[in-house]
Structures are given as structure tokens and as C-alpha cells.
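> I'll drop the sequence and a predicted model, then ask my questions.
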Amino acid sequence: MNAQQKLSSLISGMLLVSLLGCIGQGKTGYYNLQAMVQAVDANKIYIPLAVIGSGPAGISAAMYGANAGMPTVVFEGNKPGGLLTETTYVENWPGIKSTRGPVIMETIKDQAQGFGVLFVNDSIDSVDFAQWPFVLHTELGHTYHALSVVIATGASPSVLSVPGEQEYWGVGGVNTCAVCHAPLYKGLHVAVVGGGDSAIEEAIQLSSYAKQVTILVRKGTMRASDRMQKLLSGYPNITVRYYVEVQKINGDGNNITGVQLYNHETKSTEDMVLDGLFLAIGHDPNTKLFKGQVPLDAQGYIEPIGRTQCTTIPGVFAAGEVTDKVYRQAGISAGQGSIAGIDAANFLKELGFNALIEQTLKPYLFTTQRAEKKNVVTVVQNMDEWEEKVVRSTLPVIVDFYADYCPSCMQMLPAFQAAAQQFEGKVSFVKIDTETATDVAEKMYVLRVPTMLIMKNGQVAARYNETMTFKELVEFVQKFVS
Ligand SMILES: Cc1cc2nc3c(=O)[nH]c(=O)nc-3n(C[C@H](O)[C@H](O)[C@H](O)COP(=O)(O)OP(=O)(O)OC[C@H]3O[C@@H](n4cnc5c(N)ncnc54)[C@H](O)[C@@H]3O)c2cc1C
């Protein structure tokens, strides 16, 4: 039986399981843990519970898995901490009145590490769920063999791809979540981009706070349902403008001040003054790599079975926005992640995974080696340290100017640390908090964060102002290592 046939037989065999939920998935006899342990391959690295994604769903799943005694590894992906790290203040996270999104995610990560969860700063490139243990290939070229997997890769909000969008994303006033941020726009004028049901939902949510809400629709009609469109008549502060397309987002360097619109009817452009812009133009579930591996619905979402987080592939679970096109909230993702972690741990227990098996597999399990690598990033706090550690360095130096309040900066720090380990001895990595070392930031003309400088012989060899993934950072640095 080839891999595809095996996968099909697994899927059809799981119809019964679909009816029962995933209770007993580990007992079905599809996988034989004892046989696997006896034939263990010393060249392979095994992971009892592999979690793909480090947003609220992924980390919660990992925490529950590890707490149930399962050695657990989280693959953080290109967005360590997930979407919540892109926002400033979160007002609806249970237990904390108001705190910054990145702080919530750092705290959960810290809590998970306390349970023994290991975090890997790498992304999964491809998977093979027709084989068991499941095969995971990573962006950095590693292959791992997982006894169970939780998919928590989230969904990416669709964007306009217009000038100013990246610059003012999140903190600067371009948002995708009215439920989260409506109270910040009390008495102000905001616009919602989109013509579907969710654009109307966002507008209604905002209308309780904002003085004026304008829905910007590219075509001459909305594709929202009649029922939703009728609701609009009950909200006098919501207006709809048709035939208008956002061409550019204007701002003052910190916050948006409005948008430039192109009017398809009059074929002219105009500026609209605004305090905030909400995008409601759809979400793409991050499931491309699971196509053909796990059943996906027409929009590419994974549909878990019943009230569980199991998929039809025994041992593969899914949680968070990768399964959710309705609620899209951090607390809900965390709840689903917690269920997935419990489901995965139960699956492993039913399979026969216990302390004895763990002990036998120990030499072949993913180790803490990578996670425990020493910190090789140097901190510079003032001009004297800048002169000593950067200007007089005999190695090329890559300098990351960051600030605590900047979500994308915080997101990049793990990738920066991982790259520093990769280039140890060849390139020196320095990080500078622009709010502490103000003199250095001023001297080096750092006007925004993140700013990345490559310094060679005390001179600036390159400057970069965007957030980089680990892969992009490695490619960027590689150009300067001869
Ligand atoms: C600007 C903004 C503000 C928000 N504010 C709030 C708020 O105030 N309150 C609230 O409740 N919700 C808020 N949300 C929504 C909230 O962030 C999401 O509901 C939540 O983060 C979804 O969690 P998740 O774990 O499902 O996915 P995500 O948080 O999207 O995490 C997905 C994870 O998967 C990883 N990943 C993706 N592909 C791969 C791969 N191939 N390999 C490995 N890893 C991968 C990513 O790196 C990431 O870590 C906000 C969202 C945005 C965009």
C-alpha cells in the first residue's frame, strides 16, 4: 500500500471514530507503540507531542500535554507568540484587566517552559501523516518523528497591501479586530474595509464607541446577507460608501490620520480623515502544508470532530483559529488548545505511552540541547559600550535596535538569538533598547524600530527597517560573512 492509499484507508477507517469523537483513537490498533519502540531508529529524533504553532492555542495545548507528563515540543514558526504579539493592549484576556499582547504571550511561554515544554525557533515546511510516527520537516532542514501532533498554525488576516499598512499595523491604528479594540476609538471616526457580513459585524461593534463609522465597499453593492444589511438601518452613526478602494494609508509617523481613496465611479482620488481603520476582508487559514494530509473544508480550515479537537487522523489534533472562522479570540484559541493538549495526552496514554516507554525512548527523544544554548547576544546600553563592543569589534556586528513597546521587535528577538547562535564566532550580535541607550540611537539616526544595522570596521555597511524571520535574518547576515 503506498502512502496515499494508506492515508485514504486511515481517513475512511476513521468514519466510525468521527461518529464517536476521538475517544479511543489510541486503542484502534492503527499504530503499534511497542513495535515502534523495539524497532526504534537511533538516527531519528522522536517527539511524543509536537505542537505546530506558538500562539495562544499552541502554547496552551503544549502546557496541558506537558502537564500530563508528555514530553512536548513547540515549533514556534515565523510569528513566535502568534497574532496577539501584534497588538498593544489586550483588555479581554481573563484574569488581567489590561496588558500588552506580547507580555501575555511571554508569560504563557514562561509558564509552559515551567512545565518542561521545549520551544524551537523553526517552522514546519512539510508533514507526512500517512506514516507513523508522523514525519515533520522543518524550514531549517531538520526532520522529526512525532507520536502525536497538535496543529495550531492560526489564520492570517487578509491585508490590503497598500502603502502605510505595514507601518501603521496594530499600534498605529490599522486593525482587524473590532471586538478587541473598539473601546479605544470612543468619540472618534473609524472606517471598516469590506463588503461582507464580517464588515457589518465590525461596524456594529465599533458603533457603540465611535462617533462615526464608515464602511468602505469597493463595488456598488455589499455581498453581506440581506439580513445583516437590514440591521444597518438601526445604527445612525454607520454609513456605507460604495465604489471606493483604499489606495494608501496616511499617517503622522505614529498613528494613521486617514486614507487615500480611489473612487471607481468618478475615477478620482480623495483623502478621508480617520482615526482608525479596520480590515474585514477575510482570513486565510495557515493550512497549505496540510493539504492532502488532513481533510480541510472548502475555505481551507480544519474541522475537528464534535466537541473534541481531534481530526480524522488519529493522533493529529487541531486548535485555535486554524479551525475557527467565527470567534477569533485569544481566550477561545487558548481554550481549544487546552482541549487539544488533553486529547493528545489521552491519545498517547491509550497508545501505551508511559514513564517506562519514555525512559526507553529517552536517548532518541528531542533533547533540551537547543533550548539550553547559551545567550550569545551582547547588550549595549550607552556610548562607551557602543565604542567598545561595536566600533572596535574585529568581527562584523549586527545590531538590533528595538523597543519594548514594539510588538514586531519583540517577535524578532528569538530569531535574533537563534541567528546569533548560528553565526557564533563569525558575527557578533548586539541588541540595543532605544529607550535606554537613547544617545546611541540618536547618533546612529535610528528614527524607528526595529532597525537593523550591519557594522563593519566601525562603519555602517547596511541598514534594514523591517521585521525579519529567522530565515530572512540568516540570509541577510550571510551576505556579510566572507
Ligand atoms: C492586531 C490584533 C489584535 C488582536 N487583539 C485581540 C484582543 O485584544 N483580544 C483577543 O482575544 N484577541 C485578539 N486578537 C485575536 C488573537 O490574536 C487571535 O484570536 C489568537 O492569536 C489566535 O490564536 P492561535 O493560536 O489560533 O493563532 P495565532 O496566534 O495566529 O498563532 C499561530 C502560530 O502558528 C505559527 N505557525 C504558522 N505556520 C507555522 C508553521 N508552518 N510551522 C510552525 N509554526 C507555524 C505562527 O508562528 C504562530 O506562532 C487580535 C488579533 C490581531 C491581529
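That came in fine, so what should we check first?

> what sits against whichever residue of the stretch 251-400 of the chain sits closest to the ligand?
Nearest residue of the stretch 251-400 of the chain to the ligand: G320, at 2.3 Å (CB to the nearest ligand atom). For glycine as for every other residue, the C-beta is placed from the backbone atoms N, C-alpha and C. G320 makes contacts with G53, G55, P56, A57, G58, A152, G154, S333, Q336, G337, as judged by CB atoms under 8 Å, 6 or more residues apart in numbering.

> please name the bridge partners of the residue nearest to S393 when sequence neighbours are not counted.
Nearest residue to S393 in three dimensions, chain neighbours excluded: S428, at 5.4 Å (CB to CB, 6 or more residues apart in numbering). Beta-bridge partners for S428, by DSSP bridges, are V397.

> can you give me the strands for the stretch 201-350 of the chain?
212-216, 238-241, 244-251, 256-263, 268-273, 276-279, 283-285, 316-318 (DSSP state E, counting those that start in this stretch).

> in this structure L184 contacts G276, no?
Yes - judged on CB atoms under 8 Å, L184 makes contact with G276 at a distance of 7.5 Å.

> comparing these two, which shows the higher neighbour count?
The neighbour comparison of L184 against G276 (other CB atoms under 10 Å) goes to G276, with 24 against 17.

> re the thing from before, what sits against the closest residue to the residue of the stretch 251-400 of the chain closest to the ligand other than its chain neighbours?
What sits nearest to G320 in space, not counting adjacent residues and going by CB to CB, 6+ apart, is A57, at 2.6 Å. In this structure, A57 makes contact with G82, A152, G154, A319, G320, E321, V322, S333, A334, Q336, G337, A340, judged by CB under 8 Å, 6+ apart.

> how about those in JSON lines, adding pLDDT?
Formatted as JSON lines, the contacts of A57 follow (pLDDT from 0 to 100):
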{"residue": "G82", "pLDDT": "93"}
{"residue": "A152", "pLDDT": "98"}
{"residue": "G154", "pLDDT": "97"}
{"residue": "A319", "pLDDT": "98"}
{"residue": "G320", "pLDDT": "97"}
{"residue": "E321", "pLDDT": "96"}
{"residue": "V322", "pLDDT": "98"}
{"residue": "S333", "pLDDT": "97"}
{"residue": "A334", "pLDDT": "98"}
{"residue": "Q336", "pLDDT": "97"}
{"residue": "G337", "pLDDT": "98"}
{"residue": "A340", "pLDDT": "97"}
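
> are any of these buried, and which?
The neighbour count (16 or more other CB atoms under 10 Å) marks G82, A152, G154, A319, G320, E321, V322, S333, A334, Q336, G337, A340 as buried among the contacts of A57.

> just the ones of these in helices?
Counting by DSSP state H, the buried ones among the contacts of A57 place S333, A334, Q336, G337, A340 in helices.

> what about the ligand: which of these touch it?
S333 (CB under 6 Å from any ligand atom).

> now tabulate the ones in helices among the buried ones among the contacts of A57 in TSV and tack on distance to V190.
Formatted as TSV, those follow (distance: CB to CB, whole Å):
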residue	distance to V190
S333	25
A334	28
Q336	30
G337	31
A340	35
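
> ok, which stretches of this structure are helices?
Under DSSP H, the chain gives helices at 3-13, 15-20, 33-38, 56-67, 101-114, 178-181, 197-207, 226-231, 330-351, 355-361, 383-386, 407-422, 438-443, 470-478.

> so which of these comes closest to Q247?
helix 197-207 (18.4 Å; CB to CB).

> the closest one packs against which elements?
Helices and strands touching helix 197-207, by 3 or more CB pairs under 8 Å, 6 or more residues apart in numbering; DSSP states H and E, are helix 178-181, strand 189-193, strand 212-216, helix 226-231, strand 238-241.

> near the ligand, anything from that helix?
No - Helix 197-207 does not reach the ligand (CB under 6 Å from any ligand atom); its nearest approach is 12.4 Å.

> ok, residues contacting that helix?
For helix 197-207, using CB under 8 Å, 6+ apart, the contacting residues are 178-179, 182, 185, 190, 192-194, 213, 215, 217, 222, 224-225, 228-229, 231-232, 235, 237-238, 278, 280-282.
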